[in-house]
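Visitor: Build me a model from this:
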Amino acid sequence: EPYVIEYNVRLGDPETQVILPRIENDIVELFNSFKDQTLNKHQIRLSANYIVNVVLAVEGYPGSYKKDINLSINGTSENSILFHAGTSINDGQLKTSGGRVMSVCGIGKTLNEAVQNAYMMTEQVVFNEKYYRKDIGKDIISYCK
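Guide: Below you'll find the predicted structure:
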């Protein structure tokens, strides 16, 4: 008979990075309410904004990839959030230190705007051998038309 080997229900980085910024409540207060078993007394408020996450990786990831590649961020936007994952600072220089280097979240009032903001911000993060998918969110946009 079939049996369960593993439950894969973790809330991974990209999934968390698009959910948590939409929560308008004090997140520490919500976490404490888990501990105190009083979450049912809270009304969780979510932003109406859309958030789209594009993961920036080093070419070759998840297989073999280079490390210690110089990285620069040439600008920021109030319509984006950068999450460092595989980065480090060596001798004052930001560098790659893992295969999944950074997540770029674009924020927008529409899904199309969030996608555009995410991809505009990916261009501000510069490092050799940068790799990322260029189709994130675009299939949903075309499906919804």
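
Visitor: and residue 89, what does it touch?
Guide: residue 95 (C-beta atoms under 8 Å, 6 or more residues apart in numbering). The C-beta positions use only the backbone N, C-alpha and C, and glycine is treated the same way.

Visitor: and after the helix or strand it falls within, which helix or strand comes next?
Guide: Taking DSSP states H and E as the definition, residue 89 sits inside strand 87-90. Per DSSP H and E, strand 87-90 leads on to strand 93-96 as the next helix or strand towards the C-terminus.

Visitor: what is the rounded mean pLDDT of that following strand?
Guide: Strand 93-96 shows an average pLDDT of 98 in the prediction.

Visitor: Can you spell out which helices and strands pack onto the helix or strand of the chain with the lowest mean pLDDT?
Guide: When the helices and strands of the chain are scored by mean pLDDT, DSSP states H and E, helix 138-144 comes last with a mean of 80. Applying 3 or more C-beta pairs under 8 Å, 6 or more residues apart in numbering; DSSP states H and E, one finds that helix 138-144 contacts helix 111-122.

Visitor: Tell me the helices and strands packed up against the helix it packs on.
Guide: Looks like helix 111-122 contacts strand 50-58, strand 80-84, strand 100-108, helix 138-144 (3+ C-beta pairs under 8 Å, 6+ apart).
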